[in-house]
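Peer 1: Build me a structure from this.
(one chain, ligands or ions: 1)
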Amino acid sequence: MTEAPVKESLNRSPTTRTMAMHSDTNPAGDIFGGWVLSQMDIAAGICAGQRSQGRVVTAAIDGMHFYRPVRVGDILGVYTTVTRIGTSSMDILVEAWVRRDRIGSREKVTDATFTFVAVDDDGKPVAIPPKDEIPQYVKDKFGDL
Ligand SMILES: CC(C)(COP(=O)(O)OP(=O)(O)OC[C@H]1O[C@@H](n2cnc3c(N)ncnc32)[C@H](O)[C@@H]1OP(=O)(O)O)[C@@H](O)C(=O)NCCC(=O)NCCS
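Peer 2: Numbers count the residues shown, from 1 in each chain. Below is the predicted model of the structure:
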(Lines give C-alpha, C1' and ligand atoms only; values in the text may rest on other atoms or scores of the structure.)
Protein backbone atom coordinates (compact mmCIF):
# COMPACT_ATOMS: atom_id res chain seq x y z
CA MET A 1 0.00 0.00 0.00
CA THR A 2 1.23 3.51 -0.82
CA GLU A 3 2.55 5.33 2.21
CA ALA A 4 0.90 8.62 3.08
CA PRO A 5 3.35 11.54 3.15
CA VAL A 6 3.58 12.94 6.65
CA LYS A 7 2.62 16.60 6.92
CA GLU A 8 2.87 18.75 9.98
CA SER A 9 -0.83 19.60 10.04
CA LEU A 10 -1.65 18.04 13.36
CA ASN A 11 -0.20 20.86 15.45
CA ARG A 12 -3.36 22.88 14.76
CA SER A 13 -7.05 22.20 14.89
CA PRO A 14 -8.82 20.82 11.82
CA THR A 15 -11.04 23.00 9.66
CA THR A 16 -13.82 20.43 9.99
CA ARG A 17 -14.34 17.31 12.06
CA THR A 18 -17.11 14.74 11.69
CA MET A 19 -17.84 11.07 12.23
CA ALA A 20 -18.24 8.49 9.47
CA MET A 21 -21.66 6.82 9.78
CA HIS A 22 -23.29 3.69 8.36
CA SER A 23 -25.25 5.91 5.95
CA ASP A 24 -21.94 6.94 4.33
CA THR A 25 -20.87 3.44 3.27
CA ASN A 26 -20.55 1.88 -0.16
CA PRO A 27 -22.07 -1.53 -0.98
CA ALA A 28 -18.96 -3.26 0.43
CA GLY A 29 -19.46 -1.61 3.80
CA ASP A 30 -16.49 0.78 3.60
CA ILE A 31 -16.94 4.53 3.63
CA PHE A 32 -17.73 5.85 0.15
CA GLY A 33 -14.84 7.83 -1.36
CA GLY A 34 -17.26 10.46 -2.60
CA TRP A 35 -18.32 11.18 0.96
CA VAL A 36 -14.70 11.79 1.96
CA LEU A 37 -14.21 14.02 -1.09
CA SER A 38 -17.33 15.98 -0.15
CA GLN A 39 -16.02 16.56 3.38
CA MET A 40 -12.73 17.79 1.90
CA ASP A 41 -14.53 20.15 -0.50
CA ILE A 42 -16.54 21.59 2.40
CA ALA A 43 -13.40 22.21 4.47
CA ALA A 44 -11.51 23.69 1.52
CA GLY A 45 -14.46 25.95 0.75
CA ILE A 46 -14.47 27.25 4.32
CA CYS A 47 -10.75 27.98 4.11
CA ALA A 48 -10.98 29.60 0.66
CA GLY A 49 -14.02 31.67 1.60
CA GLN A 50 -12.32 33.02 4.70
CA ARG A 51 -9.09 33.79 2.83
CA SER A 52 -10.99 35.59 0.07
CA GLN A 53 -13.51 37.07 2.51
CA GLY A 54 -16.29 36.21 0.09
CA ARG A 55 -17.93 33.71 -2.21
CA VAL A 56 -15.80 30.99 -3.84
CA VAL A 57 -16.26 28.09 -6.24
CA THR A 58 -14.29 24.88 -6.66
CA ALA A 59 -12.42 25.08 -9.98
CA ALA A 60 -10.24 21.96 -9.83
CA ILE A 61 -9.12 19.06 -7.66
CA ASP A 62 -5.64 17.69 -8.33
CA GLY A 63 -3.60 14.76 -7.12
CA MET A 64 -6.16 13.08 -4.93
CA HIS A 65 -4.77 9.97 -3.25
CA PHE A 66 -6.62 7.55 -1.01
CA TYR A 67 -3.94 6.01 1.24
CA ARG A 68 -6.13 4.22 3.76
CA PRO A 69 -9.83 3.33 4.06
CA VAL A 70 -12.21 5.25 6.29
CA ARG A 71 -14.45 3.09 8.45
CA VAL A 72 -17.74 3.57 10.26
CA GLY A 73 -17.05 5.16 13.65
CA ASP A 74 -13.84 6.89 12.59
CA ILE A 75 -13.61 10.60 13.36
CA LEU A 76 -12.59 12.40 10.17
CA GLY A 77 -10.59 15.61 10.64
CA VAL A 78 -9.88 17.73 7.56
CA TYR A 79 -6.89 20.13 7.65
CA THR A 80 -6.50 22.93 5.12
CA THR A 81 -3.52 25.10 4.16
CA VAL A 82 -3.42 27.87 1.56
CA THR A 83 -0.41 27.02 -0.63
CA ARG A 84 -0.82 29.48 -3.53
CA ILE A 85 -2.57 32.78 -4.10
CA GLY A 86 -3.16 33.98 -7.66
CA THR A 87 -5.26 36.90 -8.83
CA SER A 88 -8.67 35.32 -8.26
CA SER A 89 -7.62 31.70 -7.72
CA MET A 90 -5.94 29.96 -4.81
CA ASP A 91 -4.68 26.47 -4.06
CA ILE A 92 -5.61 24.73 -0.84
CA LEU A 93 -3.75 21.65 0.37
CA VAL A 94 -6.40 19.46 1.97
CA GLU A 95 -5.44 16.57 4.21
CA ALA A 96 -7.93 14.16 5.76
CA TRP A 97 -6.98 12.21 8.86
CA VAL A 98 -8.98 9.72 10.90
CA ARG A 99 -8.97 8.79 14.53
CA ARG A 100 -9.91 5.13 14.38
CA ASP A 101 -13.15 4.15 16.08
CA ARG A 102 -13.36 7.51 17.92
CA ILE A 103 -10.43 6.95 20.32
CA GLY A 104 -7.80 4.91 18.46
CA SER A 105 -4.70 5.84 16.52
CA ARG A 106 -4.54 8.69 13.99
CA GLU A 107 -3.89 7.92 10.35
CA LYS A 108 -3.75 10.10 7.28
CA VAL A 109 -6.26 8.73 4.78
CA THR A 110 -6.36 11.17 1.86
CA ASP A 111 -4.91 14.38 0.48
CA ALA A 112 -5.40 16.57 -2.57
CA THR A 113 -4.92 20.11 -3.80
CA PHE A 114 -8.12 22.04 -4.40
CA THR A 115 -8.18 25.16 -6.58
CA PHE A 116 -10.84 27.68 -5.63
CA VAL A 117 -11.77 30.88 -7.43
CA ALA A 118 -13.16 33.94 -5.67
CA VAL A 119 -16.31 35.13 -7.42
CA ASP A 120 -18.82 37.96 -7.19
CA ASP A 121 -22.59 37.66 -6.86
CA ASP A 122 -22.83 36.84 -10.58
CA GLY A 123 -20.24 34.05 -10.33
CA LYS A 124 -17.55 36.08 -12.12
CA PRO A 125 -13.94 35.92 -10.87
CA VAL A 126 -12.85 38.73 -8.53
CA ALA A 127 -9.46 39.57 -7.03
CA ILE A 128 -8.50 37.96 -3.74
CA PRO A 129 -7.69 40.66 -1.17
CA PRO A 130 -4.03 41.10 -0.12
CA LYS A 131 -3.12 39.31 3.07
CA ASP A 132 -2.85 42.51 5.10
CA GLU A 133 -6.60 42.95 4.56
CA ILE A 134 -7.58 39.61 6.05
CA PRO A 135 -8.09 38.91 9.76
CA GLN A 136 -5.18 37.49 11.73
CA TYR A 137 -7.18 34.41 12.71
CA VAL A 138 -7.37 33.42 9.04
CA LYS A 139 -3.56 33.58 8.72
CA ASP A 140 -3.15 31.66 11.97
CA LYS A 141 -5.55 28.93 10.93
CA PHE A 142 -4.98 28.51 7.21
CA GLY A 143 -1.41 29.68 6.53
CA ASP A 144 0.26 33.01 6.06
CA LEU A 145 -0.32 33.55 2.32
C1 LIG B 1 -14.05 28.74 -11.98
C2 LIG B 1 -14.73 29.78 -12.88
C3 LIG B 1 -15.39 30.85 -11.99
C4 LIG B 1 -13.63 30.43 -13.71
O5 LIG B 1 -14.26 31.34 -14.55
P6 LIG B 1 -13.54 31.85 -15.91
O7 LIG B 1 -14.40 32.87 -16.50
O8 LIG B 1 -13.11 30.67 -16.70
O9 LIG B 1 -12.30 32.58 -15.28
P10 LIG B 1 -10.90 32.96 -15.90
O11 LIG B 1 -10.52 32.19 -17.12
O12 LIG B 1 -10.90 34.46 -15.97
O13 LIG B 1 -9.90 32.48 -14.72
C14 LIG B 1 -10.05 33.02 -13.43
C15 LIG B 1 -9.08 32.32 -12.54
O16 LIG B 1 -9.51 30.96 -12.36
C17 LIG B 1 -8.46 30.07 -12.69
N18 LIG B 1 -9.05 28.88 -13.27
C19 LIG B 1 -10.08 28.85 -14.14
N20 LIG B 1 -10.38 27.57 -14.44
C21 LIG B 1 -9.51 26.81 -13.74
C22 LIG B 1 -9.29 25.41 -13.64
N23 LIG B 1 -10.04 24.52 -14.30
N24 LIG B 1 -8.32 24.97 -12.84
C25 LIG B 1 -7.56 25.81 -12.14
N26 LIG B 1 -7.71 27.17 -12.18
C27 LIG B 1 -8.67 27.64 -12.99
C28 LIG B 1 -7.60 30.84 -13.68
O29 LIG B 1 -6.27 30.34 -13.72
C30 LIG B 1 -7.66 32.24 -13.09
O31 LIG B 1 -6.78 32.32 -11.98
P32 LIG B 1 -6.08 33.74 -11.56
O33 LIG B 1 -7.17 34.79 -11.50
O34 LIG B 1 -5.51 33.49 -10.19
O35 LIG B 1 -5.05 34.04 -12.60
C36 LIG B 1 -15.78 29.13 -13.83
O37 LIG B 1 -15.11 28.25 -14.71
C38 LIG B 1 -16.85 28.40 -13.08
O39 LIG B 1 -17.79 29.01 -12.56
N40 LIG B 1 -16.75 27.06 -13.02
C41 LIG B 1 -17.73 26.26 -12.29
C42 LIG B 1 -17.37 26.26 -10.81
C43 LIG B 1 -18.34 25.39 -10.04
O44 LIG B 1 -19.54 25.43 -10.27
N45 LIG B 1 -17.80 24.62 -9.11
C46 LIG B 1 -18.60 23.68 -8.35
C47 LIG B 1 -18.80 22.45 -9.15
S48 LIG B 1 -20.12 21.48 -8.47
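
Peer 1: which strand of this protein spans the most residues?
Peer 2: In the chain, with assignment by DSSP state E, the single longest strand is strand 106-118.

Peer 1: helix or strand right after it?
Peer 2: Using DSSP states H and E, the next helix or strand after strand 106-118 towards the C-terminus is helix 136-142.

Peer 1: which other residues reach that next one?
Peer 2: Defining contact as C-beta atoms under 8 Å, 6 or more residues apart in numbering, one finds that helix 136-142 is touched by 12-13, 15, 47, 50-51, 80-82, 92, 131. For glycine as for every other residue, the C-beta is placed from the backbone atoms N, C-alpha and C.

Peer 1: Please flag which of those residues sit within helices.
Peer 2: Among those, DSSP state H puts 47, 50-51 in helices.

Peer 1: which of those residues has the most neighbours?
Peer 2: Scoring the ones in helices among the contacts of helix 136-142 on neighbours with other C-beta atoms under 10 Å, the highest-scoring entry is Cys47 at 28 neighbours.
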